[in-house]
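*Asks:* Mind looking at a prediction? Sequence and model below.
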Amino acid sequence: MGKKFFMLGLLVIVGLVVAGCQEKAQPDDRLKEYVDLWNDKKFEKMYETYLSSSAKDTYKKEDAVKRPADIYEDLAVKELKVEFKKPKEEKEWDKEKKAEFPVTISMNTLAGEVSYEETITLTKEEKEDKENWYVDWKPSFILPEMEQGDKVGVESITAKRGEIYDRNENPLAINGESFDIGIVPKEFNDSDLDKLSSLVGVSPEAIQKELNQSWVQPEYFVPIKKLPISERPLALKIIELPGLYSKRVEARQYPYGKAAAHLTGYIGKINAEKLEKLKDKGYTAQSLLGISGAEEVYEEKLRGQSGQRIYLTKEAGEEVTIAEQEVKNGENVTLTVDAEMQKKLYEQMKDEVGTAAAVDPETGEALALVSVPSYDPNEFVLGIAPDKYDKIYNNPDKPLRNRFYQTYSPGSAMKGITAAVGLKSGKLAPNKTFEIKGKRWQKDESWGGYEVVRVFDNDSVVDLESAMKFSDNIYFARVGLEMGADTFIQGLKDFGFGEEIPMSYPIEKSQISNDGKISKEIQLADSAFGQGEVLMSVVHLASAYGGIINDGTMMKPVLLKEEEQGTWKDNLLSPEQSQLMRTNLRKVVTEGIAGKAQVAGKEIAGKTGTAEIKAEQGTTGKENGLFVSYDQKNPEFILAMLLEGVEDRGGSTHTVQVAKKFYQSY
């Protein structure tokens, strides 16, 4: 028993000795703890545990807790960093009542970086019978030069969006104006509602919905419809109605409208999903951004960077700038397209469903990219009526679909590429002939009921020239089989199949087959004359034929004028083989099935193609007609055109005729 009391007494004595030896709290240690909390934005604990009595008497809790949290959120503060270095020389703080230390405060804000120095004073106080050091807090800990009663302001200067021009400086997308048509309710006659509806193309219900918004007052201007500046006569007619007014407001304009809609795209308000992804890049709920086309693809160049200024307004009205980020207007973008050529091509195609690409074979520059049917981007950017949008969206011909981006079966247009692969590989001798009788052929009985069918049986002894002129499926099926799958596949890879198209404007990559392989003879035969599972875009098709006629050098397709031109693929053919192909392509028009492409004053050459979209052989289905062509007299561009649904309009001959009208107009 006595032993236990002895041990307990010893522990008490040791505890008193240790307690007596504990160091008193030092101000630099306290400040270190406070700064750690500050960097973590734990303002509540900073206030409750570390603020001096005088600071709490001078400032309310919300001044030191809620206000900094709110300000930092409003100013999008990130990377808050408060740095404090302990003094090198030790000081006997026991004799001091106050201690001062320099700190550096830095942060990133929506207006750029803010960095400044502050002196923090700590006061020694006794609380609950214990002495400790406490921070004399002040508003300048939130922002530099901030005092009690100051108001924090943010000024935003919107950057001007860059404009889009064609190669000849014709405007494709520019910053212009529109008429904002609106109603002042107290002056408007309800009896004019139907007339107004008819004039602006907005339903009476939709107009009434705008007038019934909670913010509307009798004397307020209530916007109803935006009209392009070109619609000035209509705007004047509308404002003749009592209570109707118009204002000029800034608006994006697309001078070539439907002709270049899929190329330019349009801008619109950011949606919630995109805002979540882009909010760190300065976008807000009010931001406009590219929704499609070049407006979307070149968004980073076009958008610019809005200017921001964070400032304090003193009680006397003086403003003190805390941080400022200068406005950077967006860059103008110049495309390689010829807008007038684009317009003429669209005019010939506007009643069709299809697409076309014109590409310079020597530079790779895209001169025209057309998709039809189209839509007017001006309507979309000004606010298209819901019923009109629904009509466009539900149109079975899909006007919103960008067809020059997509891949299609090339049909017999593939035969020029197959011929080039065969010639380059040495497995196709141009003078070699196949004896072909009738319109149907199969290799042997292993093909079962499947046969290759040709349209014309003009020749029974067929060489490359004849096969090109009359688009002989059987000849090219046999050429494919003689080459073999490995040679054929490698040849297509040499032409860029399976690769991303090296163009700043995204285009779907072409495919050899769904899995990139050709494992069966029938698939090889079909692929060689453009059926099977081969898919190409018109951009790639035009580029590939550019390589065929350009002595075997295929250039990278280019859309941005500033982009460096360069070779995509070379050695596709020798100069002699290229000359042979040029001769045969011209004979397709002068002596072959594309005779209707003849144009006075021009030497049109090319290759037709009909792609059958059907479930199985022997059935009927949709047909796409293709014509890849150029003027040998002036080979400034290769034109690849594809028109859908030509099965009852002469097949590819219909496409030939549409292309001819373009050549006549250009």
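*Replies:* On my side now, so go ahead.
*Asks:* now Gln213: how far from Arg67?
*Replies:* Taking Cβ to Cβ, to the nearest Å as the measure, Gln213 falls 34 Å from Arg67. C-beta here means a position set from N, CA and C on the backbone, and glycine is covered the same way.
*Asks:* Kindly report the same for Ala542.
*Replies:* Distance of Ala542 to Arg67, computed by Cβ to Cβ: 63 Å.
*Asks:* can you check Glu508 too?
*Replies:* From Glu508 over to Arg67 the distance is 54 Å, taken as Cβ to Cβ.
*Asks:* Pick out whichever of Ala542 and Arg67 has more residues nearby.
*Replies:* Shown here are Ala542 and Arg67; by other Cβ atoms under 10 Å, Ala542 has more neighbours (31 against 18).
*Asks:* Tell me who's in contact with the more buried one.
*Replies:* Ala357, Ala358, Val359, Pro557, Val628, Phe637, Ile638, Leu639, Ala640 (Cβ atoms under 8 Å, 6 or more residues apart in numbering).
*Asks:* pretty sure it belongs to a helix, no?
*Replies:* Yes - the secondary structure assignment for Ala542 places it in a helix, going by DSSP: H, G, I helix; E, B strand; the rest coil.
*Asks:* confidence score at it?
*Replies:* On the pLDDT scale, Ala542 is placed at 98.
*Asks:* ditto for Thr620
*Replies:* The confidence metric pLDDT takes the value 62 at Thr620.
*Asks:* And for Ser578, nearest residue in space, chain neighbours not counted?
*Replies:* The shortest distance from Ser578 to any non-neighbouring residue, by Cβ to Cβ, 6 or more residues apart in numbering, is to Asp551 (4.6 Å).
*Asks:* what about the one you found, neighbour count?
*Replies:* Other residues near Asp551 come to 18 when the count uses other Cβ under 10 Å.
*Asks:* Among the contacts of Ala542, which one sits closest to Ser425?
*Replies:* Proximity to Ser425 was ranked across the contacts of Ala542 by Cβ to Cβ; first place goes to Val628, at 21.6 Å.
*Asks:* For that closest one, give me its contacts.
*Replies:* Taking Cβ under 8 Å, 6+ apart, one finds Ala413, Gly416, Leu541, Ala542, Tyr545, Gly606, Lys607, Gly609, Ile638, Leu639, Ala640, Met641 in contact with Val628.
*Asks:* Show me which positions of stretch 429-441 end up buried.
*Replies:* Buried residues in stretch 429-441, defined by neighbour count with 16 or more other Cβ atoms under 10 Å: Pro430, Phe434, Ile436, Trp441.
*Asks:* With just CA atoms, put that stretch into PDB.
*Replies:* Written as PDB, here are the backbone C-alpha positions of stretch 429-441 (Å, rounded to 0.1, in the frame of the first residue of the first chain):
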ATOM      1  CA  ALA A 429      -0.400  -3.800-116.200                       C
ATOM      2  CA  PRO A 430      -2.500  -1.200-118.100                       C
ATOM      3  CA  ASN A 431      -2.500  -3.100-121.300                       C
ATOM      4  CA  LYS A 432      -3.400  -6.400-119.700                       C
ATOM      5  CA  THR A 433      -6.800  -7.600-120.800                       C
ATOM      6  CA  PHE A 434      -9.500  -9.700-119.200                       C
ATOM      7  CA  GLU A 435     -12.000 -11.600-121.300                       C
ATOM      8  CA  ILE A 436     -15.400 -10.700-119.900                       C
ATOM      9  CA  LYS A 437     -18.600 -12.000-121.500                       C
ATOM     10  CA  GLY A 438     -22.000 -10.700-120.500                       C
ATOM     11  CA  LYS A 439     -22.800  -8.600-117.500                       C
ATOM     12  CA  ARG A 440     -22.400 -11.100-114.600                       C
ATOM     13  CA  TRP A 441     -19.300 -12.900-113.300                       C
END
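*Asks:* Please enumerate residues in contact with that stretch?
*Replies:* If you take Cβ under 8 Å, 6+ apart as the criterion, stretch 429-441 is touched by 423, 451-457, 459-465, 472, 474-475, 477-478, 580.
*Asks:* Helices - which of these land there?
*Replies:* Among the contacts of stretch 429-441, the ones falling in helices (DSSP state H) are Leu423, Leu464, Glu465, Ile474, Tyr475, Ala477, Arg478, Leu580.
*Asks:* what does the helix or strand encompassing Glu300 contact?
*Replies:* Using DSSP states H and E, the element containing Glu300 is helix 299-303. Contacts of helix 299-303 with the rest of the structure, by Cβ under 8 Å, 6+ apart, involve Ala159, Arg161, Gly162, Ile164, Leu289, Gly290, Glu295, Gly330, Glu331, Val333.
*Asks:* go again using 6 Å as the cut-off
*Replies:* Outside helix 299-303, the residues that touch it by Cβ atoms under 6 Å, 6 or more residues apart in numbering are Arg161, Gly162, Leu289, Gly290, Gly330, Glu331, Val333.
*Asks:* Tell me which helix or strand comes right after that helix.
*Replies:* strand 307-313.
*Asks:* Please identify the buried residues of that next one?
*Replies:* Gly307, Gln308, Arg309, Ile310, Tyr311, Leu312.
*Asks:* The third one against Glu155, yeah?
*Replies:* Yes - distance between Arg309 and Glu155: 4.3 Å, which falls inside the contact criterion (Cβ atoms under 6 Å).
*Asks:* before we move on, the earlier item: who wins on neighbours among the contacts of Ala542?
*Replies:* Per-residue neighbour counts (other Cβ under 10 Å) across the contacts of Ala542 peak at Ala640, which has 33 neighbours.
*Asks:* That one is in contact with Ala357, isn't it?
*Replies:* Yes - in this structure Ala640 lies within contact range of Ala357 using Cβ under 6 Å: 5.2 Å.
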